[in-house]
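A.B. asks: give me the fold of what follows.
(one chain, ligands or ions: 2)
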Amino acid sequence: MIEVRGLTKVFGTVTAVADLAFEAAEGRVTAFLGPNGAGKTTTMRMLLGLVRPSAGVATIGGRRYAELSRPSSEVGAVLDTAGFHPAHTARDHLRVYARMGGHSRARVAEVMDLTGVAAFAGRRTRALSTGMGRRLALATALLGDPAVLVLDEPGNGLDPEGIAWLRGLLRGFAAQGRTVLVSSHVLSEVEQVADHAVVVRDGRLVASGPVHGMYGRPAVHVRSPQAARLRAVLADADTETDTEEAGSDRLRVVGLTPAAIADLAAAHGVPLHEITPERPTLERAFLDLTSTGTGGQGGGA
Ligand SMILES: Nc1ncnc2c1ncn2[C@@H]1O[C@H](COP(=O)(O)OP(=O)(O)O)[C@@H](O)[C@H]1O
Ligand SMILES: [Mg+2]
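C.D. replies: Ligands and ions are numbered 1, 2, ... in the order given. Below you'll find the model as predicted:
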């Protein structure tokens, strides 16, 4: 369990994180979402004891990072700065970290298999692609078989196949009862893997809760040669309707199912040429939440 309470970080005149509070529970993948500059990395660095909070506290299993007795066995982290020795091979790198953390040689082989590093174990780290570097960083984080994983934008540099693989790995971890906190500014990377999402903007919490609760209200696209009449019929039915393009034959209807719209149209003799439910996307909700101005729905920790 990760807990963040009143967490604040001020860098000079920039408030990177402002009175942030959220939790990431065991057995769950929690997405930490927000546009670039929202304060995700700073929050994770505070959680990992790399940045001192200006106020508030971030704990892992109830303790601050500095209070953990065997940090590499309790929390595994992948931050954007990898810091591999360029002349080391991927395998060397893992062996050095295993020795520092008191983990076995056998564990090095295990994490190489788990992360796909085995395929390039003999390659020098300076010759690794970005994606390979992400896999090696993840392998390093897993050496201590930690119950908590903290990953900062792990999808960066991974190809779609790599992202799909990562999703499976994170799901597997959560299914074992571990805690996974994974940040991203690209919602689609984590949308399919996260149970919970914490959304930040300008260092502040804008929404947190189950991902399924963050979708907007479903809308239906309707096309009719008598759009104006349809609009009047729907207005009487007390729905929100808005024309997509001025003067067009299309309406976007919120608050009624496709069947209800079709029934109303039929009852009033209004012909329909098309009726298409809009697939609600978290992307849309995310954009609404993170755009400046209106806050959108959601909220509460
Ligand atoms: N060491 C630092 N010194 C000054 N400002 C910083 C520092 N680290 C981050 N910031 C600023 O804090 C804000 C949040 O940054 P960051 O946590 O990296 O956001 P994110 O990871 O969500 O993109 C940004 O405005 C960034 O410029
Ligand atoms: Mg960042």
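A.B. asks: surely residue 20 is in contact with residue 206?
C.D. replies: No. Checked against CB atoms under 8 Å, the pair residue 20 and residue 206 is beyond contact range at 10.7 Å. Just so you know, the C-beta spots here come from the backbone N, C-alpha and C atoms, and that holds for glycine as well.
A.B. asks: what sits in contact with each of these two?
C.D. replies: Shared contacts of residue 20 and residue 206 (CB atoms under 8 Å, 6 or more residues apart in numbering): residue 200.
A.B. asks: can you name the residue of the chain nearest ligand 2?
C.D. replies: Minimum separation of the chain from ligand 2 (CB to the ion) falls at residue 41, amounting to 3.2 Å.
A.B. asks: so that residue, which of the three states?
C.D. replies: At residue 41 the chain is in helix, as set by DSSP: H, G, I helix; E, B strand; the rest coil.
A.B. asks: excluding chain neighbours, what is closest to it?
C.D. replies: Excluding the flanking residues, the one nearest residue 41 by CB to CB, 6 or more residues apart in numbering is residue 152, at 5.6 Å.
A.B. asks: mind checking pLDDT for that neighbour?
C.D. replies: On the pLDDT scale, residue 152 is placed at 93.
A.B. asks: next: residue 85.
C.D. replies: Residue-level confidence at residue 85 comes out at 87, pLDDT.
A.B. asks: give me phi/psi at it?
C.D. replies: Per-residue torsions, residue 85: phi -70, psi 120 (degrees, to the nearest 10).
A.B. asks: quick check: it touching residue 124?
C.D. replies: No. Residue 85 is beyond contact range of residue 124, at 9.2 Å (criterion: CB under 8 Å).
A.B. asks: looking at the two, which is more packed in?
C.D. replies: Under the criterion of other CB atoms under 10 Å, the comparison of residue 85 against residue 124 puts residue 124 first, with 16 against 12.
A.B. asks: against residue 132, how distant is the more buried one?
C.D. replies: As judged by CB to CB, to the nearest Å, residue 124 and residue 132 stand 11 Å apart.
A.B. asks: then residue 170?
C.D. replies: In this view, residue 170 and residue 132 are 19 Å apart by CB to CB.
A.B. asks: so which bits of the helix ranked longest in the chain are buried?
C.D. replies: If you go by DSSP state H, the chain has its longest helix at helix 160-175. Across helix 160-175, burial judged by 16 or more other CB atoms under 10 Å covers 162, 163, 166, 167, 169, 170, 171, 173, 174.
A.B. asks: ok, back up a step: who has more neighbours out of residue 20 and residue 206?
C.D. replies: Shown here are residue 20 and residue 206; by other CB under 10 Å, residue 20 has more neighbours (26 against 20).
A.B. asks: excluding chain neighbours, give the residue nearest to that one in space.
C.D. replies: What sits nearest to residue 20 in space, not counting adjacent residues and going by CB to CB, 6+ apart, is residue 7, at 4.4 Å.
A.B. asks: surely residue 72 is in a helix?
C.D. replies: Yes. Counting by three-state DSSP, residue 72 is found in a helix.
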